[in-house]
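Colleague: Requesting a structural model of the entry that follows:
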Amino acid sequence: MVTVVDRYAPPEHASTPPAPAGTASWNVTRPLPSLCLKCGSEEAVTLRHVRLGIGAKSTSLGALGGVFGAMIAQQLRGNGMLLVPIVLVAVVAIGGIAFFVHRRTVHVELDLPLCERHDAEWDEGAALGRRLGSGLVLAALVVGAGWLFDVAFLLGVGIVGFVGVFVAALVLRPARRYVAAAGLVGEIVHLTGVGPEAAEALAKAARKKPKKSRATSEPDAL
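Modeller: The predicted model follows:
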């Protein structure tokens with residue numbers, strides 16, 4: 001079952017632009033083919049029900065983050081001692097805005113077919129993301145404690161922790177284990193993180209017209 005949670009979707013007759021580069025498109029009113037979206041395998045495929053936020057909203061958050069960065073740089077030109085409190089306030093503010101944007105963005109609900117290996121990797125990526133997030137929070141607390149109690153050692157440990165978590169996120173890339181929604185136009189969703197074999201199979205399946213179900217009620221034979 002595939003449903004869309006979107007009160008502001010364009011009308012069904014709206015024109016559908018070509019899929020952006022690096023994405024696979026699919027009509028959300030149709031069930032996805034029984035093949036793994038990561039590798040294209042048709043063996044031991046299970047369905048994972050997910051609620052994906054449309055990624056187009058992240059561009060506004062990135063622009064807001066750039067504004068915060070410019071404000072921080074402007075303030076630090078006059079007083080380098082403001083680095084810690086300004087960074088902490090900026091991190092908390094951007095985190096709150098990210099949560100608000102996630103709550104307000106359009107979401108789409110899908111049943112994604114995945115093989116056993118990639119379904120397990122999805123769970124591993126989710127657990128890794130939670131650990132990285134916890135690491136950032138812990139590093140922020142250590143930095144805040146070091147600044148509040150004027151302990152240089154804690155400041156150093158917290159800053160090293162921040163850098164370590166960001167490096168780990170860049171190297172491990174938990175998001176690559178997921179399938180995400182990059183855009184939604186009418187009933188067409190653009191998916192990212194789909195493997196090339198699966199994307200090709202989806203493109204072929206999308207060109208086929210859905211089969212019409214036979215009527216179940218027929219007149220009784222005389």
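
Colleague: CA atoms for contacts and neighbours, from now on please.
Modeller: Will do.

Colleague: From residue 169, how far out is residue 179?
Modeller: 17 Å (C-alpha to C-alpha, to the nearest Å).

Colleague: And residue 186, by the same measure?
Modeller: 34 Å.

Colleague: So between these two, which is more surrounded?
Modeller: Shown here are residue 186 and residue 169; by other C-alpha atoms under 10 Å, residue 186 has more neighbours (19 against 16).

Colleague: And the helices in the chain?
Modeller: Secondary structure of the chain (DSSP state H): helices at 58-76, 83-104, 116-148, 152-172, 196-207.

Colleague: among the ones you listed, which gets the worst mean confidence?
Modeller: For those, mean pLDDT drops lowest on helix 58-76, to a mean of 51.

Colleague: What average pLDDT does stretch 178-193 get?
Modeller: Here the average pLDDT along stretch 178-193 is 92.

Colleague: Between the two ends of that stretch, how far is it?
Modeller: End-to-end for stretch 178-193, by C-alpha to C-alpha: 6 Å.

Colleague: Now residue 42. Its backbone dihedrals?
Modeller: Residue 42 adopts backbone torsions of phi -110, psi 10, taken as degrees, to the nearest 10.

Colleague: How about it, nearest residue that isn't a chain neighbour?
Modeller: residue 35 (4.4 Å; C-alpha to C-alpha, 6 or more residues apart in numbering).

Colleague: can you count the residues close to that neighbour?
Modeller: Using other C-alpha under 10 Å, residue 35 has 23 other residues around it.

Colleague: What of residue 104?
Modeller: Neighbours around residue 104, by other C-alpha under 10 Å: 11.

Colleague: so who does it touch?
Modeller: Contacts for residue 104 (C-alpha atoms under 8 Å, 6 or more residues apart in numbering) come out as none.
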